[in-house]
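[1] Model the following, please.
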Amino acid sequence: MFKLPKTAPSLICHSFSVLFILFIGLTALAPSAHAQDEAPIRLVFLNTDPSDGMGVYNSVKEVLHLSKDLDLIDPDDLLSAGTKHGVKLETFRSGDKRQEAVGAFSRMLAGANAETVIALDVFGGGRTMQLVVIGPAGEQLADIRQRIGGSVPTQNESVTALKKAFKALVPRIREYREEQAKLEAASPDVGLVGLDEPNEDDTIKARVIAEHRAKHANLTRGLNPQVGAIFGARNFALETDANYDVSHSSPFVGVGVQFDAVLALFDAETSAVGASAFAAYAPFTTVFAGPNGPEEKSSSFTDLRLDVYYMKGLSSDFIVKGGVGLEYMGVSIEPNAIYSGNDYFNLRAGLGVIYQFGELAEMHLNAAALPILNADVSDGKMGDSSVSFGGDVALRVDVTAFGPVRASLGYQFKYYQGSFESPRLAQLRGESVSTNDNFHVGHVLLGYDF
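    Residues are numbered from 1 along each chain as shown. Predicted coordinates for the structure are as follows:
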């Protein structure tokens, strides 16, 4: 089967339809944007994801090329100016980094003789394109997300996204040009060389700080509360030499709440201190083999912890972390003659790493030692613990592709071991007791970055 190529008239109609749509998009949003006395907008269309976004970039760029009201500036001119200010492509991909680079963006635009940047990114498996509009003063004017049906956007999809971009951009360009005209009218042309030149020392200092931060991560202050579901399983074993052994295993599902706050930044904002709190509760049922058949006892799992931590950015996407804290972990079972649960009060001392996948996700890996301050079995029936210790490892992935909304999926393995030399239970006749307690806990949490 053969397809006929487009004839010249069909190509003309095809191009005219795109021009018409783009014209409607611009004029409907800013009716006088095409006035004869207005110069074209000097725009840089920047692809921030050259590895995965080139097809999308070329499709949108074709639509932009059809407008006579745009003067497209070579992106290399902007990036060359950016090297002087420590700005790289990844800076345009991070909302926090864009906010901190407003001054650098403004100087880059001036250096490239441009008025605005529209930065393209692609995520969601290539099905979502993002257009970030940077104004002439370096400020972010819009962050537009557009779903696309295929590997590249259709012309209608491109125009839909661009209409939203120009709705925010055109009024700001006019305002900027009016401001520049007023400044030029008010400033006498005295021709004094160097009168308005920036202080060289300040420029060098700003560049060094920007380059340092680009190499060692941009950390920001903020608060992130999260809430969701926790689920897991517990395996406990108590062993003695007096023919008295207890084991307890149970799955559980409950609710979890987490608060994380970065409290202070220092070292050119590449280091930070913060605090986090976590609480989880899950009710479940324990079944005992009683003399008259199985007996069900109400039970619950509780985990409460508070940590303070220090973070240091080693590169733009790799962060190390260390912290200390306090924790209570407990399993409570309705009173009975066999076993009524455990309580652990412990310190926490751990290390971790964070790897950032741009604005898409973060991976957290942590390990901690858990020196136990007090361990209790069955409301003190085993006496005081003589030697107790614990540890945990945790893996967590935070999906951050949806702006301030954050989804967290995590797993933690926790281990406690204890020894009780002077049990109070008469059946043990003073024999020592050893315990092993394992917890496998997962969570799915949803939160918001403030």
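[2] for the protein, longest helix please?
    Assignment by DSSP state H gives helix 155-186 as the longest helix of the chain.
[3] any weak-confidence spans in the stretch 301-450 of the chain?
    Along the stretch 301-450 of the chain, the model assigns pLDDT under 70 to residues 424-430.
[4] Quick check: residue 143 is in a helix.
    No - applying DSSP: H, G, I helix; E, B strand; the rest coil, one finds residue 143 to be strand, outside a helix.
[5] Per the annotation, how does this structure divide into domains?
    Structurally, the chain divides into domains by automatic domain parsing as follows: 8-214, 219-448.
[6] Turn those into CSV, columns for mean neighbour count.
    For the C-beta atoms, the positions are set from N, CA and C on the backbone; glycine is no exception. Output for the domains of the chain, formatted as CSV (neighbours: other C-beta atoms under 10 Å):
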stretch, mean neighbour count
domain 8-214, 16
domain 219-448, 17
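[7] who's in contact with residue 300?
    281, 282, 283, 284, 331, 332 (C-beta atoms under 8 Å, 6 or more residues apart in numbering).
[8] Help me confirm that the last one comes into contact with residue 340.
    Yes - Residue 332 lies in contact with residue 340 (C-beta atoms under 8 Å); the separation is 7.4 Å.
[9] next one: phi and psi at residue 75?
    phi -60, psi -30 (degrees, to the nearest 10).
[10] Please read the previous query as pertaining to residue 102.
    The phi/psi pair for residue 102 (degrees, to the nearest 10) is phi -60, psi -50.
[11] For it, give its distance to residue 139.
    Noted for residue 102: a distance of 6 Å to residue 139, by C-beta to C-beta, to the nearest Å.
[12] Tell me which residues touch residue 385, please.
    Residue 385 neighbours (C-beta under 8 Å, 6+ apart): 372, 374, 375, 376, 418, 419, 420.
[13] Quick check: phi and psi on residue 271?
    Dihedral angles for residue 271 - degrees, to the nearest 10 - are phi -130, psi 160.
[14] Kindly provide the distance from it to residue 312.
    Taking C-beta to C-beta, one finds residue 271 at 5 Å from residue 312.
[15] related to what we said a few turns ago, now the longest helix of the chain: how far from the chain's centre is it?
    30 Å (C-alpha atoms, centre = their mean, to the nearest Å).
[16] what packs against it?
    When contacts are defined as 3 or more C-beta pairs under 8 Å, 6 or more residues apart in numbering; DSSP states H and E, helix 155-186 sits against helix 8-29, strand 41-47, helix 54-65, strand 116-123, strand 128-134, strand 140-147.
[17] rank those by pLDDT, which is bottom?
    With a mean of 45, helix 8-29 has the lowest mean pLDDT of the helices and strands packed on helix 155-186.
[18] these two touch, right, residue 299 and residue 282?
    No - contact between residue 299 and residue 282 fails when scored by C-beta under 8 Å: they sit 9.3 Å apart.
[19] now do the same end-to-end measure for stretch 89-98.
    Using C-alpha to C-alpha, to the nearest Å, the end-to-end distance of stretch 89-98 comes to 11 Å.
[20] Need the residues that contact that stretch.
    46, 48-50, 79, 82, 101, 104-105, 117, 119, 121, 132, 134, 140, 143, 214, 218, 220, 316, 358-359, 403.
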